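Asker: Sequence unavailable; structure follows:
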């Protein structure tokens, strides 16, 4: 049984009255994962920029 199948099996056991709350949790988790991905992309872009301009930064620091 795959992980996805196990999750679905667990979902089928949750009472109908709690499904709305579970959906909110899943959406929050999904949004948090997307935010982390975007943060990582921004950080990687910053690091790439820093590497590209390392010489300039070194010269500025030495002056």
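Answerer: Good, I have the coordinates. All values derive from a computational prediction rather than experimental measurement. Residues are numbered from 1 along each chain as shown.

Asker: Which parts of the protein are helices?
Answerer: 3-12, 19-52, 54-62 (DSSP state H).

Asker: With mean pLDDT and mean neighbour count as added columns, please give those helices in CSV.
Answerer: For glycine as for every other residue, the C-beta is placed from the backbone atoms N, C-alpha and C. Below are these laid out as CSV (pLDDT from 0 to 100; neighbours: other C-beta atoms under 10 Å):
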stretch, mean pLDDT, mean neighbour count
helix 3-12, 94, 9
helix 19-52, 86, 10
helix 54-62, 84, 9
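
Asker: Let me know the distance separating residue 63 from residue 56.
Answerer: Note on residue 63: its distance to residue 56, by C-beta to C-beta, to the nearest Å, is 11 Å.

Asker: Quickly note the distance from residue 3 to residue 46.
Answerer: Counting by C-beta to C-beta, the gap from residue 3 to residue 46 is 34 Å.

Asker: let me redo that: residue 20
Answerer: 39 Å.

Asker: Same check on residue 23?
Answerer: To residue 46, residue 23 is 35 Å away according to C-beta to C-beta.

Asker: Got the confidence number for the spatially closest residue to residue 22 that is not a sequence neighbour?
Answerer: Leaving aside its sequence neighbours, residue 22 sits nearest to residue 14 (C-beta to C-beta, 6 or more residues apart in numbering; 6.1 Å). We have a pLDDT of 94 for residue 14.
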